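Visitor: Here's my sequence, what's the structure:
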Amino acid sequence: RPVPPATERAFVTFVQWTALAFAPVLGVVAWLNRDAPLAAVAVVSFSAGIVAWQQRLRGNHRPVFLVLFVVGLMSALVPLQSVAVVGSMMIAVAAFAAIGTLFIQRRHFLPYVFFLAGVWTAELVLLNDAFLQDNTTVTDGQEHNIFGLAIQLAVFFVAVFALNAIKQAVGTAGTRYQLLFDMAPIALFEEDFTEVGEWLTQLRKDGVDDLGAYLDDHPDELGAAIERIKVTDVNQAAVDLVEADDRHQLLGHMAVDEAAAESAAAFHSQLLAIWEGRSRVSTEFVGYSRSGRRWDGVLHWQTGTNLEGLDLHKTIVAILDVTTAREAQRDLAAALEALAESEREFRLMAENSTDLITRHTPDGTYQYASPAARALLGYEPEELVGNTAEDPVLPDAQATIQATHDANLSVPDVQRVQFRIRRKGGE
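Guide: Model (predicted):
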């Protein structure tokens, strides 16, 4: 697939400054050596720089047109050059022409390659025939153009296939990344923090040492930092999470109103990570969709690194929607609180009742006995805990107690039973 627009812009910019830089150098050398063909090359270089500059001003980057413009004029001028420069110039023209194949569409690839190769091959054949026939069309001292054209063709084909093999490999990796990015089940945002990095650098120059304290003292600066974050890509899960109409609504610089007060801490942690040179950070926050729906999220922020430190132009932000889990946790906490409240009410009632109230495990072991055990049975409540319910019951009532217990385990219900029990003293 075609290279990204950013690559086209970078190439046009490279051609502009390279061509404008070489033009005066070639002009001076041509003037010193009284070399008219080299002066013509200087004019072509300057013209290429102007064309590239105009493309940048208009925002209409056309690398293929730029390549054909330079290659066409240079191909006409190279045969006129001296032996000292013709070889290097032919190789440069071939390499430049091969670079052009990176920017053309697939259906134009073969016509482009065969057109340039055909022109150079025809020129090679004509020069070779003229040389072998001792024809006057081959200027004295220009026989080297025959060898130069052969080298030019070889360099062109090698460069074309090498560059496009690299392009295909990079494109395959890029396609795989894009597929994983688009199909990920969690919300992914690709963001550019370059402007944020420049802002933080300026703060350091201005004498700020503690970013956290600075943001606390200047709360409006956090909003200004958020507006410097540029969203460059999102996946479908991100669109669904924020309930946007399409992905294009989420692209571009962030707006402060998109960052609710509850999510300010998440942006704060990202800024601190950049300030401290950390390439990743994770935090929990609360977000809101465009319809106002509140959701809980876990944010994972990560940026790349290079030799200079953090590479902020491509930062990945992954947001995991944990709303369901958090709601379950809140429901569980509420249930536990209700259970604890019920337990407090039970103990309040049991410990102030003159009736003996006990709690047992399914096998009948005492778990709890109310203080009334002292007056009724002569036992301290702690003495009953851990023993079975049948221990103080008289033998003639144990069968009745066991039957009632088994029935209650089968069908939980209120059971009433009368029985005799032995006090601690034996009566």
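Visitor: in stretch 235-244, what's buried?
Guide: Neighbour-count burial for stretch 235-244 flags 235-239, 241-242 (criterion: 16 or more other Cβ atoms under 10 Å). (Each C-beta comes from the backbone N, C-alpha and C, glycine too.)
Visitor: So which of these are in helices?
Guide: Filtering the buried residues of stretch 235-244 for membership in helices, criterion DSSP state H, returns 236-239, 241-242.
Visitor: any chance of the buried residues of stretch 235-244 in a markdown table, plus pLDDT and distance to Leu332?
Guide: Converted to a markdown table, these look like this (pLDDT from 0 to 100; distance: Cβ to Cβ, whole Å):
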| residue | pLDDT | distance to Leu332 |
| --- | --- | --- |
| Asn235 | 91 | 32 |
| Gln236 | 90 | 32 |
| Ala237 | 91 | 27 |
| Ala238 | 90 | 29 |
| Val239 | 91 | 31 |
| Leu241 | 88 | 24 |
| Val242 | 87 | 28 |
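Visitor: tell me which of the residues you listed is nearest to Gly27?
Guide: Asn235 (52.1 Å; Cβ to Cβ).
Visitor: Enumerate every residue touching the closest one.
Guide: If you count contacts by Cβ atoms under 8 Å, 6 or more residues apart in numbering, Asn235 has them with 181-184, 187-188, 247.
Visitor: again, only using 10 Å
Guide: Asn235 sits next to 178, 180-190, 241, 247, 318 when contact means Cβ atoms under 10 Å, 6 or more residues apart in numbering.
Visitor: wait, is Val281 part of a strand?
Guide: Yes. Membership of Val281 in a strand is supported by DSSP: H, G, I helix; E, B strand; the rest coil.
Visitor: Which strand residues bridge it?
Guide: Trp301 (DSSP bridges).
Visitor: residues near the nearest residue to Trp31 once chain neighbours are set aside, how many?
Guide: Here the nearest residue to Trp31 in space, its sequence neighbours aside, is Ala39; by Cβ to Cβ, 6 or more residues apart in numbering that works out to 7.1 Å. Here the number of neighbours of Ala39 (other Cβ atoms under 10 Å) works out to 16.
Visitor: likewise Val208?
Guide: A count of neighbours around Val208, defined by other Cβ under 10 Å, yields 15.
Visitor: Pull the contacting residues for it.
Guide: Per Cβ under 10 Å, 6+ apart, neighbours of Val208: 200, 202, 214-215, 218, 275.
Visitor: ok, back up a step: is it true that the residue nearest to Trp31 lies in a helix?
Guide: Yes. Using three-state DSSP, the secondary structure at Ala39 is a helix.
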